[in-house]
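> could you look at this predicted model? Sequence included:
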Amino acid sequence: MKSKLGTSQWFDVDKKGLSQLMADRSAGYVLAELIQNAWDQNITQVECFISPAKTRGWHTVEVVDDDPDGWADISDAYTLFAPSRKKSDPEKRGRFNLGEKLVLSVCQDAEIVTVNSAVKFTARGRQAMKARRDVGSSFKGTMKLTKADVKVFKDIFNSLLLPDGLKTTATIEGEQMVLEPHVFVRDFRSSLPTVICDESGSMKRTTRQTTVQLFEVLDGEKPTIYEMGIPVVNWENKYHINVMQKIPLNMDRDNVTPAFMSQLLVETLNSTHDLLEDDDFKETWVTQASDDERCEGQATEKMLTARFGEKRVAYDPSNPEANKLAASRGYTVVTGGSLPKQVWANAKAAEAILPSSILTPTANDLFQNQFDPNGAEMSLLDPSNYTDDIKAVVALAQRLHVVFFDTPCSVTICNDNNVKHAAAWYSQNAVTFHLIRLGHMWFAVDNLQDQIDLMLHEFGHHYESDHLSENYYNALTKLGAKLAVSLGMKR
């Protein structure tokens, strides 16, 4: 179409150019546009008809609804980007007044008849019609369709999510079809990005509470994000998800924004984690959603349980012995690289995975954790109250320490009921025996084997603190050999 000067209009729209926007789209898009327009009306029923036209390769497509008032303004059908009630209502599917124009752009001819007006589109242009309907509106157009296009129409029709209380049928080349409702799973409320009109009529993005519905995915279907029943884009999930307000879309209306997708993923995980099986938690979308600071504690807990089991601990790099104890007791030890950084932060906030030193503490952990963090000192037995047996054990420990390490050590006797988790401990050339834990009989002269056994155990920590390490094992054998040699043992 050639532009003409001297008119009141700023813009002209070329029908052929507009039709090129449909070039890479499915023919089913036309049907979806017409049905969504009808669903936005005050209706109870929509009927679709697709039948061969007189000219080979062409078909007549008609969509009829039963809105008692019909279209409020039929000029919406041929005016691009005009203000409209759909544009300002986030719970209406239309937004740019573009859908009908794209459909008209691929039609050879078309007509729209409603309660108050009618218009037809031919090669000569647009003309008003005298025809009227008692109720509802009808759109009829002739367009070129292949057999593949007709199949796409059927597939698109069957993929729609039927709104409650509406009947939607299709007669496609004589085949009767009734849109059946998908199996509803649940719904939840969520704050999601959407598009609304401000006071000046300009479209802007905001965040708004809406209902999100989940539906079962039927055989042969791919999980899809829907905008109020109209498919937008496939996604990786277990369910179809139907957002009951406008979704921020690109102009082609075939994809969502990254920010919207990110928020939808985490909101879905927060609201459906109890529906997911263990294998579902291995899916990429769950990993993405759980790696988000908005992921809630229960969802994080369920994800970790599915992946690592209920018996799990976080690897503690400062406590190798606790890690080994956890593994020996059937815990899964989860290392730092097993989860993204934000997932670790979420898990920590939810206390969904604790360090090995907390769940499988070593004897040293238990001993250290029982002291007052403000520095309260334990009660020690005054040397003036040592019995002869205690004095003998103190002297033995000092002699053995010199044999093993060629250096003296200090020996103290703990007499504190608050110290519960150790019978003895050693650090930096100092050993302490716990009288209350060991009892006076342990210090008896005829208990020498047990006394040396415990001293070897404690003095082994001179080389290694980890009871379960090879270094500690080697330390004990080394001390045993030194003791044997010091006693004059020969081959």
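Nice, I can see it. Numbers count the residues shown, from 1 in each chain.
> for residue 206, what are phi and psi?
Per-residue torsions, residue 206: phi -150, psi -180 (degrees, to the nearest 10).
> who does the residue nearest to it when sequence neighbours are not counted form a beta bridge with?
Leaving aside its sequence neighbours, residue 206 sits nearest to residue 196 (C-beta to C-beta, 6 or more residues apart in numbering; 5.6 Å). Every residue, glycine included, has its C-beta placed from N, CA and C. Under the criterion DSSP bridges, residue 196 forms beta bridges with residue 204.
> same question for residue 249.
residue 256.
> what's next to stretch 157-173, contact-wise?
Here stretch 157-173 makes contact (C-beta atoms under 8 Å, 6 or more residues apart in numbering) with 28, 31-32, 35, 39, 43-52, 150, 153-154, 176-182, 213, 215, 221, 224, 226, 228-231, 240, 242.
> coming back round to it: I'd like to know how many residues surround the residue nearest to residue 206.
Residues within reach of residue 196, counting by other C-beta atoms under 10 Å, total 17.
> from residue 478, how far off is it?
77 Å (C-beta to C-beta, to the nearest Å).
> do residue 416 as well
Counting by C-beta to C-beta, the gap from residue 416 to residue 478 is 32 Å.
> the two: who's more crowded?
Each of residue 416 and residue 478 has its neighbours counted (other C-beta under 10 Å); residue 416 has more, 16 against 13.
> quick check: which element contains the more buried one?
Residue 416 is part of no helix or strand, with elements assigned from DSSP states H and E.
> the closest residue to residue 35 other than its chain neighbours bridge partners, please.
Leaving out its chain neighbours, the residue that sits closest to residue 35 by C-beta to C-beta, 6+ apart is residue 46, at 6.0 Å. Taking DSSP bridges, one finds residue 65, residue 168 as the beta-bridge partners of residue 46.
> show me which residues of stretch 171-182 are buried.
172, 179, 182 (16 or more other C-beta atoms under 10 Å).
> what about that stretch, start to end distance?
20 Å (C-alpha to C-alpha, to the nearest Å).
> how far does it sit from the chain's center?
Distance, stretch centre to chain centre, for stretch 171-182: 36 Å (C-alpha atoms, centre = their mean, to the nearest Å).
> give the rounded mean pLDDT of it.
The average pLDDT within stretch 171-182 is 94.
> cool, stretch 207-219 as well?
Stretch 207-219 comes out at a mean pLDDT of 93.
> next one, pLDDT for residue 368 please.
For residue 368, pLDDT reads 61.
> what segments of the stretch 301-450 of the chain are strands?
312-314, 332-334, 410-414, 424-426, 430-434 (DSSP state E, counting those that start in this stretch).
> what packs against the fourth one?
When contacts are defined as 3 or more C-beta pairs under 8 Å, 6 or more residues apart in numbering; DSSP states H and E, strand 424-426 packs onto strand 430-434, helix 448-459.
> got the angle between the last one and strand 430-434?
Think helix 448-459. 130 degrees (axes from the mean of the first three to the mean of the last three C-alpha atoms, to 10 degrees).
> what's helix 448-459 packed up against?
Contact analysis of helix 448-459 by 3+ C-beta pairs under 8 Å, 6+ apart lists helix 388-405, strand 424-426, strand 430-434, helix 470-486 as its packing neighbours.
> go again with 6 Å.
Using 3 or more C-beta pairs under 6 Å, 6 or more residues apart in numbering; DSSP states H and E, the elements in contact with helix 448-459 are helix 388-405, strand 424-426.
> out of the helices and strands packed on strand 424-426, which is closest to residue 288?
helix 448-459 (49.8 Å; C-beta to C-beta).
> so where's this protein shaky on pLDDT?
1-26, 76-88, 93-99, 197-203, 250-253, 363, 365-376, 421 (pLDDT under 70).
> per-domain residue ranges of it.
When the chain is parsed with automatic domain parsing, its domains come out as 15-178, 184-272, 284-361, 383-486.
> how about CSV for those, with distance to residue 278 added?
Output for the domains of the chain, formatted as CSV (distance: least, C-beta to C-beta, whole Å):
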stretch, distance to residue 278
domain 15-178, 28
domain 184-272, 12
domain 284-361, 4
domain 383-486, 31
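> surely residue 112 is within a strand?
Yes - under DSSP: H, G, I helix; E, B strand; the rest coil, residue 112 falls within a strand.
> how many residues are close by it?
24.
> so what touches stretch 263-277?
188, 190, 285, 288, 289, 292, 294, 295, 296, 299, 302 (C-beta atoms under 6 Å, 6 or more residues apart in numbering).
> and for stretch 444-461?
Contacts of stretch 444-461 (C-beta under 6 Å, 6+ apart): 389, 393, 397, 400, 404, 424, 426, 431, 472, 475, 476, 479.
> what's the closest of those residues to residue 350?
Taking the contacts of stretch 444-461 together and measuring to residue 350 by C-beta to C-beta, the closest member is residue 472, at 35.3 Å.
> mind listing what that closest one touches?
Here residue 472 is in contact with 460, 464, 466 (C-beta under 6 Å, 6+ apart).
> give the buried residues for stretch 283-299.
285, 286, 287, 288, 289, 290, 291, 292, 295, 296, 299.
> for that stretch, what is the distance to the chain centroid?
Counting by C-alpha atoms, centre = their mean, stretch 283-299 comes out at 3 Å from the chain centroid.
> distance between the ends of it?
14 Å.
> what's the local residue count around the closest residue to residue 136 other than its chain neighbours?
Leaving aside its sequence neighbours, residue 136 sits nearest to residue 66 (C-beta to C-beta, 6+ apart; 4.3 Å). Using other C-beta under 10 Å, residue 66 is surrounded by 19 other residues.
> how far away is residue 66 from residue 111?
For residue 66 relative to residue 111 (C-beta to C-beta), the value is 18 Å.
> returning to that earlier point: closest to residue 377 out of the domains of the chain?
domain 383-486 (9.1 Å).
> mind checking the end-to-end distance for the closest one?
29 Å.
> check which helix or strand covers residue 217.
Using DSSP H and E, no helix or strand contains residue 217.
> for it, the count of nearby residues, please.
16.
> for residue 132, same thing?
12.
> which ones are touching the closest residue to residue 186 other than its chain neighbours?
Of all residues not flanking residue 186 in the chain, residue 214 sits nearest, at 5.4 Å (C-beta to C-beta, 6+ apart). By C-beta under 6 Å, 6+ apart, residue 214 lies in contact with 185, 186, 239, 241.
> if residue 214 is in a bridge, with which residues?
With DSSP bridges as the rule, residue 214 is bridged to residue 186, residue 241.
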